[in-house]
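A.B. asks: Below: sequence and its predicted model.
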Amino acid sequence: MEKSIIAAVSDNGAIGTDNRMPWHISEDLKYFKRITSGGTVIMGRKTFLSIGKPLPGRTNIVITRGNGEGLPEGADIARSIQEAFSKAESYGKPCFVIGGGEIYRQALQYADTLYITHVHTVIPDADTFFPDIPDSQWEKGTSSGTMTDPESGLRFEFTVYHRTRQ
């Protein structure tokens, strides 16, 4: 089973502030939905709570140290990234890790593909960051080229990375 990560990342590596995404880019949300629909999404408890409900059209797995109490209904619970991947494999669908920062750090070593929206801005007050993508382990695949969000004026591009095989 291929394991993928999908994230929107600023130029300084920021992905969140106060458990929220630091921007709203409609085209990125559409891209996220298109890529992950029909698959399994894996996320941490805080990410799940920030979304507020299971993402429709996808199997949702939430990684938590707790017993899942207080989480909205409709998601499978896993205690570790390994358990989440094991559950995802049993569903036989594409698998996407969708956050947050600590879950990305744990998942990066297992991932085959990265779907990164590079948001060309700096978020000085960010408190959650995406891990570095080492050039020695990842090869840049397709890129959309730079686009501009008409509402926010933010520049961004969709880039797919593949793990290099050594």
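C.D. replies: Yep, it's here.

A.B. asks: tell me which element the residue nearest the centre of the chain is part of?
C.D. replies: Per CA atoms, centre = their mean, the C-alpha nearest to the average position across the chain is that of residue 98, at 2.5 Å. Here residue 98, judged by DSSP states H and E, is contained in strand 95-99.

A.B. asks: now do residue 139
C.D. replies: strand 138-143.

A.B. asks: which residues touch the residue nearest to the centre of the chain?
C.D. replies: For residue 98, the set of contacting residues under the criterion of CB atoms under 8 Å, 6 or more residues apart in numbering consists of 6-7, 32, 36, 41-43, 47. For glycine as for every other residue, the C-beta is placed from the backbone atoms N, C-alpha and C.

A.B. asks: could you redo the last one with a cut-off of 7 Å?
C.D. replies: For residue 98, the set of contacting residues under the criterion of CB atoms under 7 Å, 6 or more residues apart in numbering consists of 6, 41-43, 47.

A.B. asks: follow-up on the earlier one: quick one: mean pLDDT over the strand holding residue 98.
C.D. replies: For strand 95-99, mean pLDDT is 98.

A.B. asks: hang on, the earlier thing: mind giving me the packing neighbours of the following helix or strand past the strand holding residue 139?
C.D. replies: Using DSSP H and E, the helix or strand that follows strand 138-143 towards the C-terminus is strand 147-148. Under the contact criterion of 3 or more CB pairs under 7 Å, 6 or more residues apart in numbering; DSSP states H and E, the helices and strands touching strand 147-148 comprise strand 155-163.

A.B. asks: What strands line up against the strand it packs on, and which way round?
C.D. replies: With DSSP bridges as the criterion, the sheet partners recorded for strand 155-163 are strand 113-119 (antiparallel), strand 138-143 (antiparallel), strand 147-148 (antiparallel).

A.B. asks: want to try JSON lines for those strands, with mean pLDDT and distance to residue 84 as columns?
C.D. replies: As requested, the strands paired with strand 155-163 are exported to JSON lines (pLDDT from 0 to 100; distance: least, CB to CB, whole Å):
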{"stretch": "strand 113-119", "mean pLDDT": "98", "distance to residue 84": "17"}
{"stretch": "strand 138-143", "mean pLDDT": "96", "distance to residue 84": "22"}
{"stretch": "strand 147-148", "mean pLDDT": "98", "distance to residue 84": "32"}
